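Chemist: How does the following fold in three dimensions:
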Amino acid sequence: MKFLNKIKGLGFIITFFITGAIFAQSEAQKIEDLITQKKSYNQQNKNTVVYKIQLYNGTESEAYKIKNNFTATFPEYKAKIIYKQPEWKTQVGDFETKLEADRVLLLIKEEFAGAIVLEDLI
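Modeler: Reported below is the predicted structural model:
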């Protein structure tokens, strides 16, 4: 009888440890899954650095005037008006590299001497 009680006790202990090990693996897997999901989210929602050429920063009417002049002079590039309180900005492009923006800036500076390259996040 003592032997049967020892076997039952041993069986209980083994079952307890196996259940604990399975639970720990399950929790570890959940943590790994969460880490993988977070990495995926970060890759899909990361801010991307782009470069813009700013032609003007000031009043609304002047910003639109500069945009119209730019579009007439450089129709191959898209200019846009951005309002960041309290000023209006006329900007060109979302260039992937600073080198690309600098090359276009050299062309633009011939007509718009105050143009500068800015880094932005999108």
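Chemist: all contacts plus neighbour counts: C-alpha atoms, from now on.
Modeler: Noted.
Chemist: quick check, K80 in a strand?
Modeler: Yes: per DSSP: H, G, I helix; E, B strand; the rest coil, K80 lies within a strand segment.
Chemist: pretty sure it contacts W88?
Modeler: No: in this structure K80 lies outside contact range of W88 using CA atoms under 8 Å: 10.4 Å.
Chemist: between those two, which one's more packed in?
Modeler: A direct count of neighbours by other CA atoms under 10 Å for K80 and W88 places W88 higher, at 19 against 16.
Chemist: list the contacts for that one?
Modeler: The neighbours of W88, taking CA atoms under 8 Å, 6 or more residues apart in numbering as the test, are 56-60, 63, 81-82.
Chemist: Distance-wise, check the residue nearest in space to the middle of the chain relative to K65.
Modeler: With the centre of the chain defined as its mean C-alpha position, the nearest residue by CA atoms, centre = their mean is N47, 1.7 Å away. As judged by CA to CA, to the nearest Å, N47 and K65 stand 31 Å apart.
Chemist: likewise L99?
Modeler: Applying CA to CA, the value for L99 to K65 is 28 Å.
Chemist: Ok, F74 next?
Modeler: Relative to K65, and taking CA to CA, F74 is found at 14 Å.
Chemist: residue contacts, D94?
Modeler: By CA under 8 Å, 6+ apart, the neighbours of D94 are 50-52.
Chemist: give me that answer again for 10 Å
Modeler: Shown in contact with D94 (CA atoms under 10 Å, 6 or more residues apart in numbering): 49-53, 78, 100-101, 119-122.
Chemist: This completes my enquiry, with thanks.
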